[in-house]
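# structure here, sequence nowhere to be found:
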């Protein structure tokens, strides 16, 4: 059962210009809830978070807060912290507990108030506030406490503000994109922290693994209204699809009714119309109703990659140090056409440095990097692009042109922008009035239109909303060139990547096929093998291990992917066999005969191997089930 209501709103309304952010909206947040707020960029999520925090007001509506409710948020405007140290900025979040300590020093021993305040300190483990600062700083990988906030990078400053909010342990904690710029280790710590958090939490995130683990309820802000769903992100998507289906069915019935009534009005004489004023009134009321608002989900198409040869980029025994720290040690890897390589590791490990070496913007201290002449890099860095704030979206992307060439396809600028989910009413909006996520999409649109055969993305999912991320994932999965992507988003890496390069301690890099979950499982097994064996207790009886009753998670994923992979390879083999069977084969493809035959033989060998593995897993599955 839900706990008591901490914060609630009724009939909330807010519009900025012609855009309606809140439309008679209502929402309640209960104690002990962890509510994920989702929605498209620009839908008003951050604005609503500021309304909850009390730093912004709606134009109308009623807000009710529980008595004595403490709310803390992850600060977004950090300009006032320029001359403040990291330690002091975090310590601001401890003011509530410091106030309790000061009050305790004033009270006489044994009073009821003293017992209550001591209970609060014990509940929040706040007897030593300084230790809370040290723990948060260490787990989030913050700079030294005496560093000035004004000298920090954007990512370091966000982490400092996150630590400031966390140490305050309020009744209602507000977090806006808390996992941005955090490595997987830091995200895992935040997940563990929030999973055990005693208060309520309202957070905005694009990290679907984080959302699935933490959220007890998902609330979508869509066209000014809130839609709530308990369960996982998959449950939310299913509920959203069912809701929109019901709305579409109701709209279909409404339109059918209007068509029938219009026909009746046309056929009826004036005398009958005067006798049926009630029917005409029902028609007018129905006609005044609006259709459900929909923002179309279109397909983001990355320009077709140029032809790549057998060799793309080859790193051989590459080593590189920076600032006295060995980032990369004796690393070899060969990128091939069609690979989608995820690059993971802690912040500061050297991921961006590796990208600079791949593109030959930096030279390694040892080893060599060979780039094939057919490779055309397209690099999207963390800082994206500098956009002109005075331009409209149309002006920024069009750059004086009405069309953009995407390989062999010529598309209007408006049509191109629709692929990045900018509808016609948003293309004339100035850049400085867009949300952070919308600006990130504009950067993607501006860079991707130039094409390239080797696409490099450094943290592409930062500031993107969930619908845009799904569209981007589909586009990258269908990309025919070579892809290298740095990301901490585990869900994104699992969906997109065919290979993983992981930075591990001492400058050592692991490289291998598979998604992130497969790498994490592989690394956990390696650590178990390398760990010293624990001494066995002589008298303790050994409990027999229960036999497995189903395939492992990785085996289930592998089995699910085998059939579509076999189908894909068989389709390609059929294409080559059709080429061989063509009457004009030697006239049109004679020079490619040897290469095609080699590819066909390799395909058949791969298909045989996949069939054998499929049969092996199916037999194991049947045996476990029986």
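Done, it's in. Everything quoted here is computed from the prediction, not taken from an experiment.

# which residues does stretch 353-362 contact?
For stretch 353-362, the external contacting residues (CB atoms under 8 Å, 6 or more residues apart in numbering) are 313, 315, 318, 320, 322, 327-328, 335, 343, 363-364, 369, 371, 377, 379, 456, 458, 484, 486, 501, 509. Backbone N, C-alpha and C define where each C-beta goes, glycine included.

# let's see it at 10 Å
312-313, 315, 318, 320-322, 327-328, 331, 333, 335, 341, 343, 345, 350, 352, 363-364, 367, 369-371, 375, 377-379, 381, 454, 456-458, 484-486, 501, 503, 509 (CB atoms under 10 Å, 6 or more residues apart in numbering).

# of those, buried ones?
Neighbour counting by 16 or more other CB atoms under 10 Å classes 312-313, 315, 318, 320-321, 327-328, 331, 333, 335, 341, 343, 345, 350, 352, 364, 367, 369, 371, 375, 377-379, 381, 454, 456-458, 484-486, 501, 503, 509 among these as buried.

# next step: these restricted to helices.
Counting by DSSP state H, the buried ones among the contacts of stretch 353-362 place residue 352 in helices.

# which residues touch residue 113?
By CB under 10 Å, 6+ apart, the neighbours of residue 113 are 103-104, 106-107.

# meant to ask about residue 283
Applying CB under 10 Å, 6+ apart, we find residue 283 in contact with 257-258, 260-262, 264-265, 276.

# for residue 412, state which of those is nearest.
residue 258 (33.1 Å; CB to CB).

# for the closest one, helix, strand, or coil?
Classification of residue 258 using DSSP: H, G, I helix; E, B strand; the rest coil returns helix.

# any idea how far it is from residue 183?
Distance of residue 258 to residue 183, computed by CB to CB, to the nearest Å: 56 Å.

# same check, this time on residue 221
29 Å.

# so these two - more neighbours on which side?
Under the neighbour definition other CB atoms under 10 Å, residue 221 and residue 183 were set side by side, and residue 221 has more, 22 against 19.

# pLDDT weak spots in the stretch 1-150 of the chain?
For the stretch 1-150 of the chain, the stretches with pLDDT under 70 are 1-2.

# now the strands for it?
Here the stretch 1-150 of the chain has its strands, by DSSP state E, counting those that start in this stretch, at 5-16, 19-30, 34-38, 60-65, 71-73.

# make a markdown table from those strands and add distance to residue 528 to it.
What follows is the strands of the stretch 1-150 of the chain, written out as a markdown table (distance: least, CB to CB, whole Å):
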| stretch | distance to residue 528 |
| --- | --- |
| strand 5-16 | 43 |
| strand 19-30 | 41 |
| strand 34-38 | 32 |
| strand 60-65 | 49 |
| strand 71-73 | 40 |
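
# so, low pLDDT: which residues of the stretch 251-400 of the chain?
Low-confidence segments of the stretch 251-400 of the chain, defined by pLDDT under 70, span residues 269-275, 293-301, 382-386.

# 80 instead, please
The stretch 251-400 of the chain contains residues with pLDDT under 80 at 261, 264-281, 283-307, 309-310, 347-348, 380-387, 400.

# count the neighbours of the closest residue to residue 97 other than its chain neighbours for me.
Ranked by CB to CB, 6 or more residues apart in numbering and with sequence neighbours excluded, the top spatial neighbour of residue 97 is residue 126, at 4.2 Å. Residue 126 has 20 neighbours, counted by other CB under 10 Å.
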